[in-house]
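Student: Compute the structure for the input listed below.
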Amino acid sequence: MAKKDSTEEIRENIIRTEFSEEMSKSYIDYSMSVIVARALPDARDGLKPVQRRVIYAMKELGNSHDKPHRKCARIVGDTMGKYHPHGDSSIYECLVNMAQSFKRTVPLVDGHGNFGSIEGDGAAAMRYTEARLQEITEEVFLEDIDKDTVDFIPNFDETEKEPRVLPAMIPNLLVSGAEGIAVGMATNIPTHNLGEVLNAEIAFLKDPSLSTAELMFELKGPDWPTGGIIINGSDLWSIYETGSGKIKVRAKIDYVPADKKSGKDRLIISEIPPTMVGSNLPALFSDLASLAAGRLLSDVSDISNQSDKNGIRIVFELKKGADPEKLMNLLYRKTKLENTYGVNMLAIDKGRPVTMSLPAILRCHTDFMIELTTRKYTSLLKREQDRLEVQEGLIRAVDIIDLIIEILRGSPNVKEAKACLMGQPAKVTFKSEESKKLAEELHFTEKQAQAILDLRLARLIGLEILALQKEYKETKKKIARYRKILGSEAEKRAVCIEELTRIRDKYSVPRRTLITDREQAHDVVEEVKEQEVVFSMDRFGYSRILDLPVYERNKDSVDKDSVWLFRCLNTDRVRVFTDTGQVHQVKVADIPLVKAKEKGIPIDNLCNYDSSVESFIYVCPAAGSAGSKLLFCTKQGYVKVVPSAEFDSSKRTVLATKLSDGDRLVCVTPQTDSQVVLRTQNGFFLRFPVSEISELKKNSIGVKGITLGEDDFVKACVAVQPNKDSMVPCAGGAAVEATRIRLGKRAGKGVRLKL
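Tutor: Next up, the predicted model:
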């Protein structure tokens, strides 16, 4: 048969399929790979694959709690080379996380060196740090792994075996919690107190029909290593029943009255919410600085961070007559000291991602624990039966030791000696026919025969024989016990309860997080005496409020430094229009009241304005513009008039105008004059009556103000009066009189002037 050429062979392997179907299938496969093999924990051992592989690699490395620490680089290298070929950074990050006591109530790794801090400092490089397993990790996750309790699967290149799941004896999904983002889904499970979780599981093993409410008699709620206070404890039942919800958690702030040493009342933050661990703790001091700049911390004389390795301690020293309750409420309301923790108890159950309730998690783990117990005692029973077989053979051999010695002396080799012990003495030389007949009656099993051949002469001492008989009795007792356990579901549950009780008594610690029902911090409405003030903002966006007398005394210098300057009420709002078509609103009360020489604070800190992507083009008071109209002009030449009432809103940011793709706002100005002049980048000017511009809503693009040439755009827009010496700014700081520009019609091309 002629060999097919390669072109024909390739052509026959072409698969014809719909492109969209192939993309859909490939994306689903990728998604499930990320969900199951990377991002979400298994409900049985509560570990993600990378965590499981790190722990197993440390076990294989002999990195136990009673051995010296090993370099993290070695641990990461073993894990990546044998089990997890996804990069060393993710493995080391996982290793660090399992060692951080401020993230886990039960750290699984004992770290030695710089493993980061609660304030968000990163760990040192893996070549500097060392680690080993914690004792609880070995006892709870690895103790029974050699007893055929779990299945082993090939690693990524099929050169090693790794456990599909670790034989975890505790519901680690609840104890350690979990965070993970997969494709289209995410998990966020809070940590819990080990003792409470084990009490709940013990109760569930005794009565699997227990409801969520009944289980919560034992498991009160989340318990974070940083402590804190849960203030919506009544919502926890719904969260544990459905597997998702929101927990309101706040820092613990204690009021300490003045003593002889300090002489001042103090507020001390000693515990923080879990949401503040990391970068959010330094952000607290930024928030406090903003509050101080806004004169909102006027009752505080000093703030000091006295936190150390022993815990959080942030001290506020209060001025005489300060109201501590009011200040606490302000701190909870204006900073991250009170925050929301979103719960989504999503985990892998039977190979599928499932949002699990509290009973579902406990049911999954108790079923797994009973399976572990069954496999463990089945394996132990097999071992003891094998040991019993050998012991029976040795006891028989001791009684006929003279015959056995004769067999060994008469055997040409070990193989024939073993065969003789098993009842086949054909090639063995005996001293007498009687010995040969006795040998033919021997029927030791293969294991017994091998054990006899391996028997040392020292075992023939009287005391050794007694020890062997004692071991034989102990083995028979173990076999009876193991058969009893395997023969009854109730016995299996009793063994599980005994194991959980032992772990609880050895490793449980007191609860750290307090659970209460308190009102959420809210704005305290205080009567403010209405008065007129002056708003000032320079070209860099620094904003401030000045008292009228202060402004009047420093009018010249303030006017010189200010780009935007106007009078307003201290109860008013300031509107900041930007070139992106947004208008940001700031309460005047939030802008710092300062002295004439103080700069104020950037407008970015007071509203959603982002100086990196937008620029302010018009600033005005909200109340001062009531009943007025604003003229808008964009870079692409669209214009419109919008009533100021369109922007009345309590939101911090609202839409100022709708813009087409690539367009920007050029000008927003009060519509007080009767004519408008548009100037383009290429030097064209168009003057026309404002009456030709339509009055529209804020969410409209507008009407065409000028017809632009190629590569041209509107540079400036000025409202003018026809009979006054109004000037239109030009490039390079020059200006032209508006009357020099011929009056035209809206949407015209305009004229080019020689300057």
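
Student: From F540, how far out is S562?
Tutor: 11 Å (CB to CB, to the nearest Å). The C-beta positions use only the backbone N, C-alpha and C, and glycine is treated the same way.

Student: cool, Y332 as well?
Tutor: Counting by CB to CB - Y332 and F540 are separated by 33 Å.

Student: repeat for L743
Tutor: Applying CB to CB, the value for L743 to F540 is 39 Å.

Student: Is it correct that Y542 is in contact with I601?
Tutor: Yes - using CB atoms under 8 Å, Y542 is in contact with I601, at 6.7 Å.

Student: The two: which has the busier surroundings?
Tutor: Comparing Y542 with I601 by other CB atoms under 10 Å, the one with more neighbours is I601, at 20 against 17.

Student: Show me which of S562 and F540 is the more surrounded one.
Tutor: Using other CB under 10 Å as the criterion, S562 and F540 rank with S562 on top: 19 against 10.

Student: Contacts only, for the more buried one.
Tutor: Taking CB atoms under 8 Å, 6 or more residues apart in numbering, we find S562 in contact with 536-538.

Student: Report the residue ranges of every domain in the protein.
Tutor: Domain assignment for the chain by automatic domain parsing gives 47-167, 252-336, 368-506, 527-626, 629-643+662-755.

Student: now these in JSON lines, with distance to E214?
Tutor: Shown next, in JSON lines, are these (distance: least, CB to CB, whole Å):
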{"stretch": "domain 47-167", "distance to E214": "23"}
{"stretch": "domain 252-336", "distance to E214": "27"}
{"stretch": "domain 368-506", "distance to E214": "17"}
{"stretch": "domain 527-626", "distance to E214": "47"}
{"stretch": "domain 629-643+662-755", "distance to E214": "54"}
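
Student: Pipe the ones you listed into CSV and attach distance to T17 and mean pLDDT per row.
Tutor: CSV is the format used below for these (distance: least, CB to CB, whole Å; pLDDT from 0 to 100):
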stretch, distance to T17, mean pLDDT
domain 47-167, 28, 94
domain 252-336, 46, 85
domain 368-506, 40, 86
domain 527-626, 43, 87
domain 629-643+662-755, 39, 87
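
Student: Quick check: which of these is nearest to N232?
Tutor: Nearest of the domains of the chain to N232, taken as CB to CB: domain 252-336 at 12.8 Å.

Student: Just to be sure, N188 is in a strand?
Tutor: Yes - the assignment for N188 (DSSP: H, G, I helix; E, B strand; the rest coil) places it in a strand.

Student: For it, which residues are in contact?
Tutor: By CB under 8 Å, 6+ apart, N188 lies in contact with 178-179, 341-344.

Student: what about V703, neighbour count?
Tutor: Neighbour tally, V703, other CB under 10 Å: 16.

Student: next one: Y377
Tutor: Using other CB under 10 Å, Y377 has 23 other residues around it.

Student: Contacts for stretch 450-459 next, please.
Tutor: Contacts for stretch 450-459 (CB under 8 Å, 6+ apart): 390, 393-394, 397, 404, 414, 417-418, 421, 444, 464-465, 468.

Student: Who wins on neighbours among those?
Tutor: Within the contacts of stretch 450-459, L421 tops the neighbour count with 29 neighbours, counted by other CB under 10 Å.

Student: And it, how far from V414?
Tutor: 11 Å.

Student: and if you look at V398?
Tutor: Applying CB to CB to V398 and V414 gives a distance of 20 Å.

Student: Return the residues in contact with the closest residue to N199 other than its chain neighbours.
Tutor: Nearest non-adjacent residue to N199, counting by CB to CB, 6 or more residues apart in numbering: E218, 4.1 Å away. Applying CB under 8 Å, 6+ apart to E218 gives the contacts 196, 199-200, 202-203.

Student: closest to V249 among those residues?
Tutor: Nearest member of the contacts of E218 to V249, counting by CB to CB, is E196, at 17.2 Å.

Student: Double-check that the closest one belongs to a helix.
Tutor: Yes - under three-state DSSP, E196 sits within a helix.

Student: Using the three-state scheme, assign the spatially most central residue of the chain.
Tutor: The centre of the chain sits closest to E179, judged by CA atoms, centre = their mean, with a distance of 4.6 Å. Recorded secondary structure, E179: strand (three-state DSSP).

Student: try L565
Tutor: From three-state DSSP, the assignment for L565 is strand.

Student: hey, what's the nearest residue to it once chain neighbours are set aside bridged with?
Tutor: Excluding its sequence neighbours, the residue lying closest to L565 (CB to CB, 6+ apart) is S536, at 5.2 Å. Counting by DSSP bridges, S536 is bridged to R544, L565.

Student: count of neighbours near S536?
Tutor: S536 has 24 nearby residues by other CB under 10 Å.

Student: just the one 3 residues further on next, same as before
Tutor: Under the neighbour criterion other CB under 10 Å, R539 is assigned a count of 10.
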